[in-house]
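Asker: mind looking at a prediction? Sequence and model below.
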Amino acid sequence: STSEISGTLPTELGKLTELEHLSLHSNKFISRIPTELGLLTKLTTLRIHLNGLDGTIPSTLGNLVQAQDISLNGNMLVGTMPYDICKLVDFGMLNPVRADCLTGDEVICNCCFCFA
């Protein structure tokens, strides 16, 4: 979590398939969210908020069917929250995703707890 780590989120994180909690929030990562995070199907917690992540949210995060908590707010993400993620919320498997979606300039999301 908070240690002011900088750089990019490595795609190699996707090889940690037994990982249940990934908490890298409040650092200085400046990259896109790796699609390989969708390979972490045993994750129950994904907290990558308060970084410098940009780009769109990969639809592969919809593979995180064990996830109960996904925090993406406090980044520079754009686009629409992928349907595969929102359907996990709709089915009651996942708490609302935390994302920046109040201003309309960031993530468009119908299944999020929105931050400005």
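Answerer: Yep, it's here.
Asker: which residues does the helix or strand bottoming out on mean pLDDT in the chain contact?
Answerer: Least confident helix or strand, the chain: strand 112-115 with a mean of 88, by mean pLDDT, DSSP states H and E. With CB atoms under 8 Å, 6 or more residues apart in numbering as the test, strand 112-115 has contacts from N73, G74, M81, N95, P96, V97, R98, A99, D100, C101, L102. All C-beta spots, glycine's among them, are computed from the backbone N, C-alpha and C.
Asker: same thing but 7 Å
Answerer: Strand 112-115 is contacted by residues N73, M81, P96, V97, R98, A99, D100, C101, L102 when judged by CB atoms under 7 Å, 6 or more residues apart in numbering.
Asker: find the nearest non-adjacent residue to the residue minimising distance to the centre of the chain, please.
Answerer: Nearest to the mean C-alpha position of the chain, by CA atoms, centre = their mean, lies L72 at 4.5 Å. Setting aside the residues directly before and after it, L72 is nearest to A99 in space (CB to CB, 6 or more residues apart in numbering), at 4.8 Å.
Asker: relative to G7, how far out is that neighbour?
Answerer: The gap separating A99 from G7 is 23 Å, by CB to CB, to the nearest Å.
Asker: again with G62
Answerer: Applying CB to CB, the value for G62 to G7 is 26 Å.
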